[in-house]
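**Q** With the sequence up front, the predicted model follows.
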Amino acid sequence: MLTFAAAVFFLIITPGPGVLSTAGVGAAFGANAGTRYVSGLFIGTNLVCIAVVSGLTAMLLADPRLRTVLFIASICYLSYLAFRIAFAGSKIAFIERQSPPGIMGGIALQAINPKAYAVNTALFTGFSFLPQNYPLEIAIKFLIVNAIWIPIHFAWLWAGIALRRMSLPHKTQRAINIAMALSMMAVVGLAAWSQS
């Protein structure tokens, strides 16, 4: 169980679309909007977990045409986000929008986030610690995942809010944007590599 908890921590804390966009919403819109967005991500990630555990994801991805369409949509959207982050100029706003994405924006992101599916598939199909009672193991895994997921995402939200308050030089702000974009593209690259 401790190995599972460690895997959850390291897989969730690494930069991906969810945590990067959480920091971005915090930087651009503050705590209230960020909390609504994280709530949407939370609902979305649990829906992804349910889809993985129930076998719905495997069933949908068994159709190569649907898998290809979903894969292309995910790659395009994540590449678009990375592009917007990289070319946000010297202002740390990650993604410039007129209004915050809200709860539905968080749910929608998780629905097409390849990292969410890869992480949850790895976590829920591996790391068996109660093979004699699979339903209890799944329930405990849900508790552990959420107990770690929530503080990590609020830490990223706080980091975005903190960056907003800093008066960083333009060069530093641009470097942060480029680093965030490269992290997002690394997720895109890993998704493309795992698909092939």
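**A** Great, that's in hand. Residues are numbered from 1 along each chain as shown.

**Q** Skip ahead from the strand or helix carrying F71 and say which helix or strand is next.
**A** Here F71 sits within helix 64-86, counting by DSSP states H and E. Sequence-wise, the next helix or strand downstream of helix 64-86 (DSSP H and E) is helix 102-112.

**Q** Could you list the buried residues of the helix or strand following that following helix?
**A** Along the chain past helix 102-112, the next helix or strand (assigned with DSSP H and E) turns out to be helix 114-125. In terms of neighbour count (16 or more other C-beta atoms under 10 Å), helix 114-125 has its buried residues at P114, K115, A116, Y117, A118, V119, N120, T121, L123, F124. C-beta: built from backbone N, CA, C; applies to glycine.

**Q** Does P15 belong to a helix, a strand or coil?
**A** coil (DSSP: H, G, I helix; E, B strand; the rest coil).

**Q** Touching, it and M180? I think so.
**A** Yes: between P15 and M180 there is a contact under C-beta atoms under 8 Å: 7.2 Å.

**Q** Output the longest helix belonging to the chain.
**A** The helix that spans the most residues within the chain, counting by DSSP state H, is helix 134-165.

**Q** tell me what the helix holding F71 is packed against?
**A** helix 17-29, helix 56-61, helix 102-112, helix 114-125, helix 170-195 (3 or more C-beta pairs under 8 Å, 6 or more residues apart in numbering; DSSP states H and E).

**Q** now the shortest one, how far from the centre of its chain.
**A** When you say that, I think you mean helix 56-61. 20 Å (C-alpha atoms, centre = their mean, to the nearest Å).

**Q** Reduced to three states, what does the residue sitting furthest away from the middle of the chain come out as?
**A** Distance to the chain centre peaks in the chain at Q132, reaching 31.6 Å (criterion: C-alpha atoms, centre = their mean). The local conformation at Q132, judged by three-state DSSP, is coil.

**Q** Next one: it, what pLDDT does it get?
**A** pLDDT, the model's per-residue confidence, is 91 for Q132.

**Q** Going by distance to S167, which of the buried residues of helix 114-125 wins?
**A** For those, the residue nearest S167 by C-beta to C-beta is K115; the value is 32.1 Å.
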